[in-house]
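Asks: Sequence isn't available, so here's the structure alone:
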């Protein structure tokens with residue numbers, strides 16, 4: 001088996017794994033280590049300041065659920081109460 005054949009086999013295995021739904025685990029970057037699920041955060045979205053809680057961590061960002069205080073706003077309604085925000089755009093709120 002040549003090197004090219006080995007590369008093709010590896011690519012085929014990766015492609016098949018993706019098709020079966022076997023995804024790579026999500027590992028937050030260095031900025032996201034402190035924003036674990038349930039962390040209360042503050043962020044700016046379209047020049048307005050909002051608060052919410054981290055629902056899920058992603059590699060470079062997090063899915064944040066708006067606080068009830070902002071649930072009636074047009075922005076929250078349009079986004080179905082969730083928004084994806086970069087870790088660098090969030091700030092932890094101490095309660």
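Replies: Arrived safely. As the structure is a computational prediction, the values presented were derived from the model and not from experiment.

Asks: can we go C-alpha only for contacts and neighbour counts from here?
Replies: Will do.

Asks: for this protein, what spans make up the strands?
Replies: For the chain, applying DSSP state E gives strands covering 40-45, 48-57, 61-66, 82-86, 90-92.

Asks: List of residues touching the second one?
Replies: The set of residues that contact strand 48-57 without belonging to it, under C-alpha atoms under 8 Å, 6 or more residues apart in numbering, is 26, 28, 32, 35-44, 62-67, 70.

Asks: How many neighbouring residues does residue 34 have?
Replies: 12 (other C-alpha atoms under 10 Å).

Asks: and if you look at residue 51?
Replies: 21.

Asks: Quick check: bridge partners of the closest residue to it other than its chain neighbours?
Replies: Of all residues not flanking residue 51 in the chain, residue 42 sits nearest, at 4.3 Å (C-alpha to C-alpha, 6 or more residues apart in numbering). Using DSSP bridges, the beta-bridge partners of residue 42 come out as residue 51, residue 91.

Asks: what sits against residue 42?
Replies: Counting by C-alpha under 8 Å, 6+ apart, residue 42 has contacts 49, 50, 51, 52, 90, 91, 92, 93.

Asks: please redo it, this time with the cut-off set to 7 Å
Replies: 50, 51, 52, 90, 91, 92, 93 (C-alpha atoms under 7 Å, 6 or more residues apart in numbering).

Asks: same deal with residue 94?
Replies: Taking C-alpha under 7 Å, 6+ apart as the definition, residue 94 has no contacts.

Asks: May I have the predicted confidence score for it?
Replies: Looking at residue 94, its pLDDT reads 83.

Asks: From residue 11, how far off is it?
Replies: For residue 94, the distance to residue 11 (C-alpha to C-alpha, to the nearest Å) stands at 46 Å.

Asks: wouldn't residue 63 be in contact with residue 83 here?
Replies: Yes. Using C-alpha atoms under 7 Å, residue 63 and residue 83 qualify as a contacting pair, with a distance of 5.6 Å.

Asks: for the chain, what's the longest helix?
Replies: Counting residues, the longest helix found in the chain (DSSP state H) is helix 3-19.
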